[in-house]
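Student: here is a sequence together with a model predicted from it:
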Amino acid sequence: MQEQTTLAAAVSYTGIGLHSGRDVHMRLAPAPVGTGIVFVRTDVAGRPTIRATADHVTSTLRATTLEEHGVRVFTVEHLMSALHARRIDNCYVELDSEEPPVADGASLAFCRLIGEAGVEVQGAPREEIVIDKVYRIDDDERQRFVMVVPYDGFRVSFTSVNPHKLIGIQYENFEITPETYEKEIAPARTIAYEEEIKKLRAMGLGLGGTLETVIVYNDERWLNPLHYEDELVRHKILDVIGDLRLAGMIRGHVIAAASGHALNTALAKCILAARR
């Protein structure tokens, strides 16, 4: 029997949001058995909470947004990914803004923050999502899909398809353990095409991104050094791990081709609905 876990101590991180560009103070705090991952907006009167479940996804435009009680948080996927990979069941995420800090543009900083806090085993059984059949979401028009099949463990196989000559088709396949995740996935940053950045910022997105936190490319070259030759597909794996945590703690094999937040969270909703 696996047991639920939380953080052994509270830890804090200060930075700016990837899309909002706003200063944000984040505090990760221990939570009781059965709490799940809960965001707390400390900047709003009454400290309203937003439960990190697929039911509360309201937007997937360039990031995953959650909303409950009339308040929202967005770009939650990188933090959720680290919490999923480190197998944290219960945690309060206190924020004084709408968006967690971009940190390193990936989730390594969050993994290290969890490591700093330590993990406490809580002595109650974990309600793991054991995949016992195939769940699949397709986007036939764009020839994309994401699925999860039964598997005794947690594995992700992802194919990324990008027509740009620098990127092309990338594939990775990892058994997700805390150690493998931190070494092979957590440092993989989000990506942006240079010509697209002005348009994104005009939409109020990407305002907190820098060449330290985002890998940027143009028609001819990368503008900053890569952490991995296939950093894009590794970041896609990071994202799907975070988005699927909105269904719960997954035990299964995730297989995806060119999937993004919309398909990922649709799959999370499908899994969650089947359990009710």
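Tutor: Arrived safely, thanks for sending.
Student: from now on I want contacts and neighbour counts done on CA atoms only, so please keep to that.
Tutor: Fine.
Student: quick check: residue 60 touching residue 259?
Tutor: No. If you go by C-alpha atoms under 8 Å, residue 60 and residue 259 don't touch, sitting 12.0 Å apart.
Student: so the two - more neighbours on which side?
Tutor: residue 259 (26 against 17; other C-alpha atoms under 10 Å).
Student: list the contacts for the more buried one?
Tutor: Residues in contact with residue 259 (C-alpha atoms under 8 Å, 6 or more residues apart in numbering) are 144, 145, 146, 160, 236.
Student: part of a helix, is the fourth one?
Tutor: No. Assessed with DSSP: H, G, I helix; E, B strand; the rest coil, residue 160 is strand; it does not lie in a helix.
Student: centroid-nearest residue for the chain?
Tutor: Geometric centre of the chain, nearest residue: residue 77, 2.3 Å, by C-alpha atoms, centre = their mean.
Student: need the nearest residue in space to that residue, chain neighbours excluded.
Tutor: residue 242 (4.6 Å; C-alpha to C-alpha, 6 or more residues apart in numbering).
Student: adding secondary structure, pLDDT and distance to residue 39, write the contacts of residue 259 out as a markdown table.
Tutor: Converted to a markdown table, the contacts of residue 259 look like this (DSSP: H, G, I helix; E, B strand; the rest coil; pLDDT from 0 to 100; distance: C-alpha to C-alpha, whole Å):
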| residue | secondary structure | pLDDT | distance to residue 39 |
| --- | --- | --- | --- |
| 144 | strand | 97 | 31 |
| 145 | strand | 98 | 29 |
| 146 | strand | 98 | 26 |
| 160 | strand | 96 | 30 |
| 236 | helix | 98 | 23 |
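Student: which one (most neighbours) among those?
Tutor: residue 236 (26 neighbours).
Student: number of residues surrounding residue 221?
Tutor: When neighbours are counted by other C-alpha under 10 Å, residue 221 comes out with 10.
Student: wait, isn't it in contact with residue 166?
Tutor: Yes. The pair residue 221 / residue 166 is scored as a contact, 7.2 Å apart, by C-alpha under 8 Å.
Student: follow-up on the earlier one: any idea which of the contacts of residue 259 is closest to residue 267?
Tutor: Among the contacts of residue 259, residue 146 lies closest to residue 267 (C-alpha to C-alpha), at 7.3 Å.
Student: any idea how many residues pack against the residue lying closest to the closest one once chain neighbours are set aside?
Tutor: Closest residue in space to residue 146, ignoring its immediate chain neighbours: residue 256 at 4.2 Å, by C-alpha to C-alpha, 6+ apart. Around residue 256 there are 26 other residues, counting by other C-alpha under 10 Å.
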